[in-house]
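In: would you be able to build a 3D model of this:
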Amino acid sequence: MGNIRELDQSTINQIAAGEVVERPSSIVKELMENSIDAGATMISIEIEEGGTKSIRITDNGKGIEKDDVRIAFLRHTTSKIKTALDLLSVSSLGFRGEALSSIAAVCQVELLTRTASNMEGIRYRIEGGKEVGYDEIGIPVGTTFIVSNIFFNTPARRKFLRTAQTESGYVSDIVEKIALSHPEISISFKSNGKVRVHTSGNGSLKDVIYSIYGKEITENIIEINEQNDFMSITGYIGKAIVSKGNRTFENYFINGRYIKSNIISKAIEDGYKFILMQHKYPFTVLNFEINPEFLDVNVHPSKMELRFRKSEKIYPMISECINDTLIEKPNIIDVKLEKQSEKRENIKYTPEPFETKRQHILGDTDDGNSSVREETLYNKTTVTPSFIEEANSLDNSKASKITQKGKPIVAKEGVVPPIQQEVTDVYDNFLSDIAKPKHKIIGQVFDTYWIVQYNEKMYIIDQHAAHEKVMFESLMEKRKTRQIHTQMISPPIILNLSMNEADLINRYLQNFKEIGFEIEPFGGQDFAVRGVPTDLYTLDSQEVLIEIIDNLSNESGKMSPDILTDKIASMSCKAAVKGNSKMSFREADELITQLLSLENPYNCPHGRPTIISMSKYELEKKFKRII
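Out: Residues are numbered from 1 along each chain as shown. Have a look, this model is predicted:
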């Protein structure tokens, strides 16, 4: 072992900088958070060559006092706390100046700042931790940081940076995250002179989502607003159609700070369980306001990670809140054949030749839009035959008082014209008890999909996904109420297993019993299956068991509830009626009834949709009946 020596201050500063300054995006994050702490309502970010050449951040915050400028660049200096006890109540994004020493240690930094109480501002320059200039200057109230030549004095670390384009992407990602967490602040970001992000600062989170992610995503988000005695959740979550193969769409913020948390991510994804397909991740922009007593702040120097003191209370709140919000909103995927649909009032219907002749005979071609009127009369309104009969049996004075959907029907020239009333479509929910009697089952296509007509939409149901969902919910409910029944079989099924497989059976024996299997050792590495879940009695139970054992091979310890749920989902899939299988109308009607009775009938246990829909409008547009 060599001699122990004390490091010089320059080396200490560079080591500290390595904990905070990983790349240009780290600098942008720290300086933007300082701007927010300073009360800025406008922040401008400009970078060149991905930030490796220069970073310029300007805000209109309160600025830094003259006497505090030099102190701000010392290590462990802040305006937020005085003692360690104050750490427990800190709610700011970062301690003003805590990262400046680290940034200055590996960059060339120029600071321009003025407070409202001073007529002149300060221009301060520091390079590699050494002061090189301090002057008074006339500037507006606020702060500007100009950071140049990152890692200029540590070329070895500069080699680990990516291309300018990649580094610019990292910066853009950070800017977007902070913009989403603070819609009340106008944020502008330019890279090599080109505007990449610009938000208005009007306080509308939805507007920020639109400016960053565009129209398509913004049209498929659901607002969320829940709270309890220790936490509130606000923001937006995406429908099932908005998902991605990685977690880049998961945006969440705690007390205004963009952080990373395995607990938060897992809770969010648990809320989407059985709504998203496997290996798909949701779109979220969520703000969590959590009592500081539940948080352990500044765990990591980059302040991107955070620990919870009472995660057992936070986790279920998040998961249940998201799941409830998704279930409350119909989640049937509406198939769009055109990227941009026209407004209904601008649609012109092309009549068939016989229809044109009829209109001519009746003299109904005065404005060329008679077919539009017919669409309004017969398709847009929802007038029932019984209502028409009742209305036509009354005189005008009585008929004028009749209302449909709460709107009066006005008689004209002695004729009661209820179907001429402009009635807004108020369709019953396709999944409701009221709607069910109005379903019209058209038939089965490809021996897999059932077509159901309801109002002006065609619904297509995947019989396998639907049956799988029904069976899964049934098994889960029985397990929850401890009503899973076992069908004893004789002779028993003998499993001849490998040593590893036998170990898995022994380890999870009780768990298999919970889902309806009766298994006991049969000597050596063999096991006798004497009972199977009643719902799976018609299946090849040995095949189901072997598949479950195979899936367990990567698990360790006790089978978790999630793993057990996955196994039930797998069992449901095996037991469900398959695609390419004929079903009778009666069987299909019963399956649809069972599906629609579920709390969440929209997706199978693996996340695939059970129902999609297509409107009459889309079909008519495809057949060129609409021009």
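In: alpha carbons only for contacts and neighbour counts from here, please
Out: Fine.
In: what segments of the stretch 201-350 of the chain are strands?
Out: 221-227, 231-238, 243-244, 250-254, 257-258, 281-282, 284-290, 295-296, 307-308, 333-334 (DSSP state E, counting those that start in this stretch).
In: the third one pairs with which strands?
Out: Strand pairing for strand 243-244, using DSSP bridges, gives strand 281-282 (antiparallel).
In: so which of the strands of the stretch 201-350 of the chain is nearest Thr199?
Out: strand 284-290 (15.6 Å; Cα to Cα).
In: which secondary structure elements does the closest one contact?
Out: Counting contacts by 3 or more Cα pairs under 8 Å, 6 or more residues apart in numbering; DSSP states H and E, strand 284-290 packs against strand 231-238, strand 250-254.
In: which among those is found nearest to Thr448?
Out: The closest of the helices and strands packed on strand 284-290 to Thr448 is strand 231-238. By Cα to Cα, the value is 28.6 Å.
In: quick one: the closest one to strand 250-254, angle?
Out: For strand 231-238 against strand 250-254, the angle by axes from the mean of the first three to the mean of the last three Cα atoms, to 10 degrees is 160 degrees.
In: which residues sit against strand 231-238?
Out: 205, 217, 220-227, 282-291, 314, 318, 322 (Cα atoms under 8 Å, 6 or more residues apart in numbering).
In: kindly report the same for stretch 61-76.
Out: The contact list for stretch 61-76 (Cα under 8 Å, 6+ apart) reads 35-36, 38-42, 77-78, 96-102, 104, 113-116, 121-122, 124, 141-143.
In: looking at the helices and strands packed on strand 284-290, which is closest to Gln487?
Out: So among the helices and strands packed on strand 284-290, strand 231-238 is nearest, using Cα to Cα, at 42.2 Å.
In: please tell me how far the residue nearest to Glu320 when sequence neighbours are not counted sits from Asn496.
Out: Closest residue to Glu320 apart from its sequence neighbours, by Cα to Cα, 6 or more residues apart in numbering: Gly271 at 6.1 Å. Counting by Cα to Cα, to the nearest Å, the gap from Gly271 to Asn496 is 39 Å.
In: from memory Lys206 sits against Thr218, does it?
Out: Yes: contact criterion Cα atoms under 8 Å: Lys206 and Thr218 qualify, at 7.2 Å.
In: tell me the first helix or strand C-terminal of the helix or strand Glu176 falls within.
Out: Here Glu176, judged by DSSP states H and E, is contained in helix 164-181. Counting by DSSP H and E, the next helix or strand C-terminal to helix 164-181 is strand 186-191.
In: quick one on the thing from earlier: just the pLDDT at the residue nearest to Glu320, thanks.
Out: Note for Gly271: predicted pLDDT of 91.
In: count of neighbours near it?
Out: Residues contacting Gly271 under the criterion other Cα atoms under 10 Å number 23.
In: which strand in this structure has the most residues?
Out: strand 486-496 (DSSP state E).
In: check the gap between the residue nearest to Gly245 when sequence neighbours are not counted and Gly607 for me.
Out: Leaving aside its chain neighbours, Gly245 sits nearest to Lys280 (4.8 Å; criterion: Cα to Cα, 6+ apart). Between Lys280 and Gly607 the computed distance is 9 Å (Cα to Cα).
In: so where's the stretch 401-550 of the chain shaky on pLDDT?
Out: Across the stretch 401-550 of the chain, the ranges flagged by pLDDT under 70 are 401-428, 535-544, 547, 550.
In: let's go with 50 and repeat that
Out: 401-427 (pLDDT under 50).
In: how about the strands of it, start to end?
Out: Under DSSP E, counting those that start in this stretch, the stretch 401-550 of the chain gives strands at 403-404, 407-408, 440-445, 449-454, 457-462, 486-496, 518-521, 526-533.
In: I'd like the ones you listed written out as a markdown table, with distance to Lys622 and mean neighbour count added.
Out: Shown next, in a markdown table, are the strands of the stretch 401-550 of the chain (distance: least, Cα to Cα, whole Å; neighbours: other Cα atoms under 10 Å):
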| stretch | distance to Lys622 | mean neighbour count |
| --- | --- | --- |
| strand 403-404 | 32 | 16 |
| strand 407-408 | 34 | 14 |
| strand 440-445 | 20 | 15 |
| strand 449-454 | 18 | 21 |
| strand 457-462 | 14 | 21 |
| strand 486-496 | 52 | 15 |
| strand 518-521 | 55 | 18 |
| strand 526-533 | 48 | 21 |
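In: any idea which of those gets closest to Thr166?
Out: strand 457-462 (42.4 Å).
In: what angle separates that closest one from strand 449-454?
Out: Going by the same axes, to 10 degrees, strand 457-462 makes 150 degrees with strand 449-454.
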